[in-house]
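Student: quick one, structure for this:
(one chain, ligands or ions: 2)
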Amino acid sequence: MKSYKIAVIGGDGTGPEVVREALKVMEAASGKFSFKYEAAHFDFGGERYLRTNEVLPASAVKDLQAFDSILLGAIGHPDVKPGILEKGILLKLRFDLNQYINLRPVQLLDDRFCPLKGKKPEDVNFTVVRENSEGLYKGMGSFENKGAKDEVAIQISHNTRAGVERCLRYAFEYTRKYGRKKQLTLCGKTNVLTFAWDLWERTFNELAKEYPDVKTDYAHVDAITMWFVKNPEWFDVIVTDNMFGDIITDLAAMIQGGMGIAAGGNINPEGVSMFEPIGGSAPKYTGKNVINPLAAVAAGAMLLRELGEEAAAKAIEEAVRLVITTKLKDLAAGKMGYSTTEVGDLVVKHL
Ligand code: IPM
Ligand code: MN
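Tutor: Ligands and ions are numbered 1, 2, ... in the order given. Predicted coordinates:
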């Protein structure tokens, strides 16, 4: 029997509550699909930082490298200045574990929860491949004359040929394997950002020759936000840089039904990946047993798919779909008609 070692970072706010439900579902799936896993819990997050004044212990990255995968709840604490935990934990792990892909499947499961008039599950069904290690997130830049009237702040988008190429190659391979229309859209801004997007576009067109079975397409980032609202059915797989990917995936989460069900993966195809519900720590709902755990459950399914447990991943996704379509009144915290733990139980029952 296959056995996996999974690192669990519950994190802040409602993170631990939703991760508990994800693990409950994964545990049930492991029995049904004959694999085993061991979970080791790490206490990284705001509470630990406030207690120890250390954002991440020095050994964290090395310790996490010993695992097959990582499940993360949420990072963000109301008593910690914004940026410290995000940069010191989430972004640091993404960078140091070389998780250079941020994968965001966007699937509407029930039209009751779509804010777009007349759109059905088959209309909102695409995946965003976001570059996760470069661009504006490199943190390059400087101040000139800080605080003065003639202050200048410079923020650089740093794109390497190797970084762009590995991301695009992942997107082409992903489209070939999972794309329902075998169509890959590059989302950029070639008309204005003529250095970065020249490199992206050239590399995209070069790689396209190696993938004659993948249809390619291009959209400017501003236009894509318009198409997401008007014609989301046009898209299959979208590849973009770190900053644009950050922005368009929040919009994408809304058209699939909201943060309650939006999951993502920080993927190192050659190493240790980290899966998370993308909604954040929701401090005001902490400990109330009202938050929707389905995004975390869906992140657990993505984690199992990455480990090669495709059947278990599919079964969890189908159980989530059934619970959403036949049970839940709403996807928002406190409005589901069930508690956090009851929703976890319902998924287990439908598995
Ligand atoms: C995300 C988040 C992070 C990001 C923040 C919390 C640093 O918004 O995962 O999309 O900007 O990447
Ligand atoms: Mn974001």
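Student: so is the residue in the stretch 201-350 of the chain positioned nearest to ligand 1 in a helix, a strand, or just coil?
Tutor: Relative to ligand 1, the nearest point of the stretch 201-350 of the chain is Asp246 (4.6 Å; CB to the nearest ligand atom). For the C-beta atoms, the positions are set from N, CA and C on the backbone; glycine is no exception. Following DSSP: H, G, I helix; E, B strand; the rest coil, Asp246 is assigned to helix.
Student: pretty sure it sits against Arg130.
Tutor: Yes: using CB atoms under 8 Å, Asp246 makes contact with Arg130 at a distance of 7.0 Å.
Student: and the stretch 51-200 of the chain, which residues reach ligand 1?
Tutor: Residues of the stretch 51-200 of the chain lying close to ligand 1 (CB under 6 Å from any ligand atom) are 86, 90-91.
Student: quick check, nearest of the residues you listed to Glu38?
Tutor: Leu90 (23.9 Å; CB to CB).
Student: list the residues that contact the closest one.
Tutor: Leu90 makes contacts with 72, 75, as judged by CB atoms under 8 Å, 6 or more residues apart in numbering.
Student: again with Ala298
Tutor: 261-263, 277, 316-317, 320.
Student: quick check, it in a helix?
Tutor: Yes: counting by three-state DSSP, Ala298 is found in a helix.
Student: for the stretch 201-350 of the chain, which segments are assigned as strands?
Tutor: In the stretch 201-350 of the chain, the strands defined using DSSP state E, counting those that start in this stretch lie at 215-220, 237-240, 263-267, 273-277.
Student: measure the residue lying farthest from the centre of the chain to ligand 1 for me?
Tutor: The C-alpha centroid of the chain is most remote from Lys149, which lies 39.9 Å away (CA atoms, centre = their mean). When CB to the nearest ligand atom, to the nearest Å is applied, the distance between Lys149 and ligand 1 equals 31 Å.
Student: and Tyr37, that one's in a helix?
Tutor: No: read with three-state DSSP, Tyr37 is strand and lies in no helix.
Student: and the pLDDT for it?
Tutor: Tyr37 is assigned 96 on the pLDDT scale.
Student: give me the neighbour count for the residue of the stretch 201-350 of the chain closest to ligand 1.
Tutor: 16 (other CB atoms under 10 Å).
Student: about what we covered before: for the contacts of Ala298, work out which two are farthest apart.
Tutor: Ala262 and Ile316 (15.6 Å).
Student: which one's more surrounded, these two?
Tutor: A side-by-side neighbour count of Ala262 and Ile316, using other CB under 10 Å, places Ile316 first with 29 against 26.
Student: in this structure the more buried one contacts Val25, no?
Tutor: Yes: with contacts counted by CB under 8 Å, Ile316 reaches Val25, the gap being 5.9 Å.
Student: which residues are in contact with both of these two?
Tutor: 297, 300, 347, 351.
Student: state the pair within the residues you listed that is farthest apart.
Tutor: Gly300 and Leu351 (11.7 Å).
Student: how about the strands in the stretch 1-150 of the chain?
Tutor: Using DSSP E, counting those that start in this stretch, strands in the stretch 1-150 of the chain cover 2-11, 35-42, 69-74, 101-107, 125-131, 135-144.
Student: the closest residue to Ala40 other than its chain neighbours: neighbour count?
Tutor: Counting by CB to CB, 6 or more residues apart in numbering, Ala7 is the residue found nearest to Ala40 once chain neighbours are left out, at 5.6 Å. Number of residues near Ala7 (other CB under 10 Å) recorded here: 23.
Student: now do the contacts for Ala7.
Tutor: Contacts of Ala7 by CB under 8 Å, 6+ apart are 39-40, 42, 63-64, 67, 69-71.
Student: filter those residues to the buried ones?
Tutor: 42, 64, 67, 69-71 (16 or more other CB atoms under 10 Å).
Student: any chance of the residues you listed in CSV, plus pLDDT and distance to Gln107?
Tutor: CSV is the format used below for these (pLDDT from 0 to 100; distance: CB to CB, whole Å):
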residue, pLDDT, distance to Gln107
Phe42, 98, 30
Leu64, 98, 29
Phe67, 98, 27
Ser69, 98, 21
Ile70, 98, 23
Leu71, 98, 20
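Student: would you list those residues in a markdown table and tack on distance to Tyr137?
Tutor: Compiled in a markdown table, those are given as follows (distance: CB to CB, whole Å):
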| residue | distance to Tyr137 |
| --- | --- |
| Phe42 | 23 |
| Leu64 | 20 |
| Phe67 | 24 |
| Ser69 | 22 |
| Ile70 | 19 |
| Leu71 | 22 |
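Student: dump the residue contacts of the residue minimising distance to the centre of the chain.
Tutor: The residue lying closest to the centre of the chain (CA atoms, centre = their mean) is Gly264, at 2.1 Å. Listed by CB under 8 Å, 6+ apart, the contact partners of Gly264 are 102-104, 249, 275-278, 299, 302.
Student: before we move on, back to that, looking at the residues of the stretch 51-200 of the chain next to ligand 1, which one is closest to Pro293?
Tutor: Leu90 (19.7 Å).
Student: so how far is Asp246 from the closest one?
Tutor: According to CB to CB, to the nearest Å, Leu90 and Asp246 sit 12 Å apart.
Student: same check, this time on Pro232
Tutor: 19 Å.
Student: and the spatially closest residue to Leu328 that is not a sequence neighbour, its phi and psi?
Tutor: Distances taken as CB to CB, 6+ apart place Met336 nearest to Leu328, at 4.9 Å, with adjacent residues excluded. Per-residue torsions, Met336: phi -70, psi -20 (degrees, to the nearest 10).
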